[in-house]
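Participant: when you get a sec, could you give me coordinates for this:
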Amino acid sequence: MKVGYIIVLGLMLMLSPMVSAQKSEQPILSNFDLMLEKANRYRGHKVVPIEALDDFRATTQKALVIKDNSSMADARQIDSLILANNNLTQKMDQQQTELSLVQQRENHIRFMFWHMTKTQYNVISWSLILGLMSFLLGSVWRQRSRARKTKDTAEKLKEVTLEFEQHRQRVLEREQVLRRKLQDEINKQKTS
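Facilitator: Alright, predicted model coming up:
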């Protein structure tokens, strides 16, 4: 931005004297040429009337006054442009500092009474999320393994209970057979 202002200012400085110089030099040259045309020759010299010299002097003086006025106007314009440039530079610097402060505020977060950057906040947040996810996955895995063990144990208990019932039935049947045999023996001995 500064470079653009400096270039524009430089071009204005270079072009404004050229324009005013061209305007003021043309009447002076035309008056001088006119004065030479009207001059008489005397022994190889040109004799210029005093009125023509006075006119030339007045024209030159007017041209110089115009040039002075235009150079003063140019100087005022340059001063106003420099002032505007300085004001714009100050405003730009102020906006840059405000922008950096806003970016700094935007980049910081207050989380649980701690001031931290967004990067730190993201690292902490994702660490907590990953930690909780791993805890949840570990809990689910332990619960499934416990459920599997409980199911296996329940199936084994059913098998053992079934085997026990079958064994008890066999033992009861044997016991009944033995009682009958014993009763038959007792009955045989009584009858005999």
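Participant: only C-alpha atoms from now on, for both contacts and neighbour counts.
Facilitator: Noted.
Participant: now the longest helix seen in the chain: mean pLDDT?
Facilitator: Of all the segments assigned as helix in the chain under DSSP state H, the longest by residue count is helix 118-191. When the per-residue pLDDT values of helix 118-191 are averaged, the result is 93.
Participant: and that helix, what does it pack against?
Facilitator: With contacts defined as 3 or more Cα pairs under 8 Å, 6 or more residues apart in numbering; DSSP states H and E, helix 118-191 has these neighbours: strand 108-111.
Participant: identify each buried residue in the strand it packs on, please.
Facilitator: Of the residues in strand 108-111, those with enough neighbours to count as buried (16 or more other Cα atoms under 10 Å) are His108, Ile109.
Participant: now stretch 101-108
Facilitator: Of the residues in stretch 101-108, those with enough neighbours to count as buried (16+ other Cα under 10 Å) are His108.
Participant: just the residues contacting that stretch, thanks.
Facilitator: Stretch 101-108 is contacted from outside by His115, Met116, Thr117, Lys118, using Cα atoms under 8 Å, 6 or more residues apart in numbering.
Participant: select only the buried ones of these in PyMOL?
Facilitator: Written as a PyMOL command, the selection of buried residues from those, which uses 16+ other Cα under 10 Å, is:
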select buried, resi 117
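Participant: redo the contacts of stretch 101-108 as a markdown table? Include distance to Ala84.
Facilitator: Formatted as a markdown table, the entries for the contacts of stretch 101-108 read as follows, by distance: Cα to Cα, whole Å:
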| residue | distance to Ala84 |
| --- | --- |
| His115 | 41 |
| Met116 | 41 |
| Thr117 | 39 |
| Lys118 | 39 |
